[in-house]
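Visitor: For reference, the sequence and a predicted model appear below.
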Amino acid sequence: MHERHAQMPMRRWMLEFDEFEVEEDFATHDDAAGIEEARFAITIGILFTVVYGAIDLLVVDDNLLGAALIRFGFVVPVFLLAWVLRRTAFVGRHLQVFNTLLLSVTLLALGTVFARVVDVPPDYVRASSTVTLLGGIGLLRMRMHAATATCGFYALVCLGLPGIGGGVNALAVDVAPIFGLTGIALVIAYALEKLRRTDYLRQREVELEQARSDELLHNVLPAAIATRLRTERGAIAESAANVSVLFSDIVGFTTVSESLSAEELVSLLDTMFSEFDRLCDQRGIEKIKTVGDAYMAVAGLPTPDADHAASLAELAMDMQRASTWLAAGWPSPIAMRIGISSGPVVAGVIGQRKFTYDLWGDTVNTASRMESHGRPHRIQVSATTHALLESRYTFSAPQVVDIKGKGPMTTYFLLGALG
């Protein structure tokens, strides 16, 4: 979507946007709405045909049957055929051409043919043709090219009516009103199209702002949670029995931070975390948050993943490899320490202004401890994660680590995939 304000430049007379893609998008949008509204327009056309058929009883003296045949034997069937054809692919691609042909054929029947078959005053025929023209332009969403062509045909039909003579008197009585009505029809077509185009631009602007809002929301929350947040009231919370949680931390970050300016430090962290974000997206893993130089992610939420432990193990190894080559750009040596644990968690959105999607539970605490009690360049996992992966990955020998707040725990270092 193009980022343009509602005052996007248009060619003044034919009302076309300067940007081809925007013009194409508007034409598609306008024609789609025109097809949807065609049923109402055709219904009105048939209704007016019936009304004029009733008026014929008062106006037509000699050939009432001919008038009825033109109105009900030709015009109404043409409208009904248009009703049927409006959903076809051809009409969808060429709606403006179709509407021009529809109105021109109707004007020919109600103008020239009607006037020559039925003996009625030219003013009566002109009035019927004018109503048809204005109604078609107003209801069929005709754009300026189509409206101009149709108005030109209307003028020819009216000028060709019997009874229009020559001289100054005919110019004042017959010709001037025809061109006056043609001009009014064009002004109406211009005003209606300009209104539709302005409305279209405003709608685009609203959609653009909505897209920006959605993008910002999705950068903070998982897509599924962001959708629920827009549609549900109250707190959003869910529990999951089987997920895997990862924590990572940069060893040596404090030393590095003391030797860099704020801009340099943020730039280095942004490069590293952006790469981690890309790795998460690649494997369908949800990043939860960053705190300082720590990074937290979960596999299995909010989208379930039966192989969540393996997904997170692969991510952890990718992160270790990424941190190794990214460390070459840091001013002093750094290393990545990663911890993983698997099990049940509770997840939800907290806060009313700055939304946060977070996890709680023993699994989260254990994963955090796996990282904080781990070693540089190593991925330490809990016994629960080891049990899920031991048949597919290689691990160090089990070790018992005294975990703060938990006591002795059996842990393992993930070494790689088998085979």
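Guide: It's in.
Visitor: list the contacts for the nearest residue to R143 once chain neighbours are set aside?
Guide: Leaving out its chain neighbours, the residue that sits closest to R143 by Cβ to Cβ, 6 or more residues apart in numbering is E193, at 5.4 Å. Heads up, the C-betas are built off the backbone N, CA and C, glycines and all. If a contact means Cβ atoms under 8 Å, 6 or more residues apart in numbering, then E193 has 15, 143-144, 147 as its contacts.
Visitor: Repeat that for L140.
Guide: Going by Cβ under 8 Å, 6+ apart, L140 touches 34, 37-38, 41, 99, 102-103.
Visitor: Look up how far F90 lies from it.
Guide: Per Cβ to Cβ, to the nearest Å, L140 is found 16 Å from F90.
Visitor: Please apply the same query to A67.
Guide: The value you get for A67 to F90, if Cβ to Cβ is used, is 32 Å.
Visitor: cool, A41 as well?
Guide: 18 Å.
Visitor: leaving aside the residues next to it on the chain, what's closest to L110?
Guide: Nearest non-adjacent residue to L110, counting by Cβ to Cβ, 6+ apart: S128, 5.1 Å away.
Visitor: And the strands in the protein?
Guide: Remark: strands assigned in the chain by DSSP state E are 10-11, 16-17, 236-251, 286-291, 294-299, 335-350, 356-360, 379-382, 393-395, 399-403, 407-417.
Visitor: Span of stretch 369-383 from start to end?
Guide: End-to-end span of stretch 369-383 (Cα to Cα, to the nearest Å): 13 Å.
Visitor: which other residues reach it?
Guide: Contacts to stretch 369-383, defined as Cβ under 8 Å, 6+ apart, come from residues 247-249, 251, 294, 313, 316-317, 320, 335-342, 366-367, 389, 395, 401, 403-406, 409-414.
Visitor: go with 6 Å
Guide: With Cβ atoms under 6 Å, 6 or more residues apart in numbering as the test, stretch 369-383 has contacts from 247, 249, 251, 316, 335, 337-341, 366, 401, 403, 410-414.
Visitor: swap in stretch 307-317?
Guide: Residues outside stretch 307-317 that contact it (Cβ under 6 Å, 6+ apart): 243-244, 246, 279, 283, 285, 299-300, 305, 338, 340, 342, 379, 385, 388-389, 414.
Visitor: hmm, try it at 7 Å
Guide: Stretch 307-317 is contacted by residues 242-244, 246, 279-280, 283-285, 297, 299-300, 305, 338, 340, 342, 379, 385, 388-389, 392-393, 414, 416 when judged by Cβ atoms under 7 Å, 6 or more residues apart in numbering.
Visitor: How about stretch 409-419?
Guide: The set of residues external to stretch 409-419 that reach it, using Cβ under 7 Å, 6+ apart, is 313, 316-317, 370, 378-383, 386, 392-396, 398-401, 403.
Visitor: let's see 6 Å
Guide: 313, 378-381, 383, 386, 392-396, 398-401, 403.
Visitor: the more surrounded of A67 and F90?
Guide: Set A67 next to F90 and count neighbours by other Cβ atoms under 10 Å: A67 wins out with 22 against 10.
Visitor: Surely the more buried one and V60 touch.
Guide: Yes: A67 lies in contact with V60 (Cβ atoms under 6 Å); the separation is 5.0 Å.
Visitor: Common neighbours of the two, please.
Guide: Here A67 and V60 have V118 as joint contacts, going by Cβ under 6 Å, 6+ apart.
Visitor: Okay, E275 and I44: tell me how far apart.
Guide: As judged by Cβ to Cβ, E275 and I44 stand 61 Å apart.
Visitor: Low-confidence ranges, the stretch 1-150 of the chain, go.
Guide: 1-14 (pLDDT under 70).
Visitor: one more time with 50
Guide: Applying pLDDT under 50 to the stretch 1-150 of the chain flags residues 1-6.
Visitor: Now do the helices in it.
Guide: For the stretch 1-150 of the chain, applying DSSP state H, counting those that start in this stretch gives helices covering 20-59, 64-68, 76-85, 89-93, 95-108, 114-117, 122-139, 144-159.
Visitor: can you put those helices in JSON lines and add distance to L216?
Guide: Supplementary listing: the helices of the stretch 1-150 of the chain in JSON lines, determined by distance: least, Cβ to Cβ, whole Å:
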{"stretch": "helix 20-59", "distance to L216": "24"}
{"stretch": "helix 64-68", "distance to L216": "64"}
{"stretch": "helix 76-85", "distance to L216": "45"}
{"stretch": "helix 89-93", "distance to L216": "36"}
{"stretch": "helix 95-108", "distance to L216": "37"}
{"stretch": "helix 114-117", "distance to L216": "62"}
{"stretch": "helix 122-139", "distance to L216": "41"}
{"stretch": "helix 144-159", "distance to L216": "39"}
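Visitor: for those, which one sits closest to G329?
Guide: The closest of the helices of the stretch 1-150 of the chain to G329 is helix 20-59. By Cβ to Cβ, the value is 39.5 Å.
Visitor: got the buried residues for the closest one?
Guide: Within helix 20-59, the residues that count as buried by 16 or more other Cβ atoms under 10 Å are 22-23, 25-26, 30-31, 34-35, 38, 41-42, 45-46, 48-49, 52-53, 56.
Visitor: Kindly report the same for stretch 175-187.
Guide: 178, 181-182, 185-186.
Visitor: same question, stretch 246-253
Guide: 246-251, 253.
Visitor: do stretch 223-242 as well
Guide: Using 16+ other Cβ under 10 Å as the test for burial, stretch 223-242 gives 225-226, 229, 236, 240, 242.
Visitor: Stretch 327-334 now?
Guide: With burial defined by 16+ other Cβ under 10 Å, the residues of stretch 327-334 counted as buried are 327, 330, 334.
Visitor: and the end-to-end length of that stretch?
Guide: Separation of the first and last residues of stretch 327-334 by Cα to Cα is 6 Å.
Visitor: mean confidence for that stretch?
Guide: Mean per-residue pLDDT for stretch 327-334: 81.
Visitor: Contacts made by it with the rest, please.
Guide: Stretch 327-334 is contacted from outside by 250, 252, 255-256, 259, using Cβ under 6 Å, 6+ apart.
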